[in-house]
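Chemist: here's a sequence, model it:
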Amino acid sequence: MSSLKPLLYKFVLLLLILVGVNYIYKYFFFEVDIQQHSPIINLVRNVVNEECTVIYLGESSNITTRENDLDKRPISDFISDYYPTIKFGTITKEASHAGIYYELLRNIPENAKVKTVIVTMNMRSFNANWMYSDLETPLQKSLVLLKKYPPLVNRLLLSFRGYDIKTAKERKEQYQHRWKNDPLNMSKQFPYKNVIEWDHGMAAKGIRNSEGKIDERLTALACNYIKTYAFQIDVATNQRISDFDKIVALAKERNWKLVFNLMSENVERAQELVGDDLVHLMKQNRYLLVNRYHKNGVLVVDNLEKVPDEEYIDRNWTTEHYAENGRRIIAKNVAVSMKSSMPKGSFTQARKTEFKNDCEGEIKWNQMPSLSLEKSFEGKQSSKILSGQTYSVTFEYPIKNLPDSVNNVEIEFQLLQSNLEHDAKINIEIYGEQFPTMVNGEHLINLSQTLNKWSKVHYQYELPNNFKKGDYIKVYVFNASKTPIYIDDILIRFNE
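Modeler: Residues are numbered from 1 along each chain as shown. I've put the predicted structure just below:
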């Protein structure tokens, strides 16, 4: 027995050393590594620090816009418009899926004020091509330091590459294996046993043009639709099912209200290019997801067929990237669906009348190239205006989306000017197909003569009685002189 004591002492000493090293690493070096390797955690910290009670988790579908969108805000912002008294936060990371969302949600402190979580449910993320994507390695690497092990253990896992690492060739072999070996169990006689056979069959048959010749572009797109949507979710083996199940369990543990936002897919295009069989599979997977998670007490908002074909931005690929109206359709369906689970009286369909832009680049208005790192009131950027870049970031909005009772617009922003030798003006522009363009405004030197420090500018403009006949209203600062001016923290408010 006495011979075991030295070993026991050594074991205890080693344990104490490891605990001490872990402590030192955690409090002196861990944050540096986090910022270098897992900056994704800052998305979580932001919504926690802002004390958000509703959090929206999404990938590129949330933030992708079309160039001619007038309102380039994400889906999450459109949802929050329906709940103006509730603090919404957004965690958006391109190419994310339920496995990523789970790790981010798990890192929300238990004492955070979060009450409702809206999680993007992207049907494509259940397919083999996404699950074995080349993007999976960097995504998994970004999460290693966020795992629930001691910080030192996580650092060792990162150092020794203890996460899912595969080459592009290995990833391709994985999803092609699934395409070949996952059978397609159709309800009728079907000529293809698997995705590869169906893909080859479509490529050989092709999409024909009016002259009977194969349209190579449309044929390639049709084949891509098959490889993207020709699968049947197996709840016992599909990794995404496991990921979403973990999110459900976590939400129950944290007492969160959980919403799954099943994104819209271009079913119209799938029908046009491939036909009933593919659409059948898409709807089959939809029913499985909706029914499975409804039974688990989750509100699943079914948007699968809500967005029409013309609202899809990417015409040569399968994505959930929508133009403004498409994003609004998704947002409204989510907002209305969750109404009964939100605080009484918090829901409103009142039209938005207040718009802000802090010039940090996240809020997309027109003339984004005017943003400059040279000066800022708060944050890192402001809008710099001078000859060559004569327009500030520009607010543009459909007049039909404003309340009928609006009769004036109030404009506030921070201004920095070094002299008064410029011709800068606040302009309010109204235009439309059946309305002659009308531009009115005020010279900035009449509103502020403060030099070399930031000053608040306030201007209120009475809208003409016939402005509702116009289609759009623009608000911007115009400066054609060589003397630069800077504006920041813009607020535009429409009043009765």
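Chemist: beyond the helix-or-strand element of the chain with minimal mean pLDDT, next helix or strand please.
Modeler: Across the helices and strands of the chain, the lowest-confidence element by mean pLDDT, DSSP states H and E is helix 4-28, at a mean of 67. Sequence-wise, the next helix or strand downstream of helix 4-28 (DSSP states H and E) is helix 30-37.
Chemist: distance between that next one and the chain's centre?
Modeler: 24 Å (Cα atoms, centre = their mean, to the nearest Å).
Chemist: and that helix, what does it pack onto?
Modeler: helix 151-159 (3 or more Cβ pairs under 8 Å, 6 or more residues apart in numbering; DSSP states H and E). Just so you know, the C-beta spots here come from the backbone N, C-alpha and C atoms, and that holds for glycine as well.
Chemist: what do you get if the cut-off is 10 Å, keeping everything else the same?
Modeler: The helices and strands touching helix 30-37, judged by 3 or more Cβ pairs under 10 Å, 6 or more residues apart in numbering; DSSP states H and E, are helix 4-28, helix 41-49, helix 151-159.
Chemist: end-to-end on stretch 106-124?
Modeler: Start-to-end span of stretch 106-124 (Cα to Cα, to the nearest Å) is 24 Å.
Chemist: now that stretch: buried residues?
Modeler: Judged by neighbour count (16 or more other Cβ atoms under 10 Å), stretch 106-124 contains these buried residues: 106-108, 112, 114-124.
Chemist: show the average pLDDT along it.
Modeler: Average pLDDT, stretch 106-124: 97.
Chemist: alpha carbons of stretch 132-152, as CSV, please.
Modeler: Extracted C-alpha coordinates of stretch 132-152, given in CSV (Å, rounded to 0.1, in the frame of the first residue of the first chain):
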residue,chain,number,x,y,z
TYR,A,132,-20.3,17.4,-46.5
SER,A,133,-19.5,20.9,-47.8
ASP,A,134,-16.0,22.2,-48.1
LEU,A,135,-17.1,25.0,-45.7
GLU,A,136,-17.6,22.5,-42.9
THR,A,137,-13.9,22.4,-41.8
PRO,A,138,-13.5,26.1,-41.2
LEU,A,139,-16.9,26.2,-39.5
GLN,A,140,-16.0,23.4,-37.2
LYS,A,141,-12.6,24.9,-36.5
SER,A,142,-14.3,28.2,-35.4
LEU,A,143,-16.3,26.3,-32.7
VAL,A,144,-13.6,24.3,-31.1
LEU,A,145,-12.8,26.9,-28.4
LEU,A,146,-16.5,27.2,-27.6
LYS,A,147,-17.1,23.6,-26.7
LYS,A,148,-18.1,22.7,-23.2
TYR,A,149,-14.8,21.3,-22.1
PRO,A,150,-12.2,23.2,-20.0
PRO,A,151,-10.5,26.0,-22.0
LEU,A,152,-7.2,24.2,-21.9
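Chemist: how far away is the nearest residue to residue 154 once chain neighbours are set aside from residue 40?
Modeler: Distance criterion Cβ to Cβ, 6 or more residues apart in numbering; nearest residue to residue 154, sequence neighbours excluded, is residue 145 at 4.9 Å. As judged by Cβ to Cβ, to the nearest Å, residue 145 and residue 40 stand 10 Å apart.
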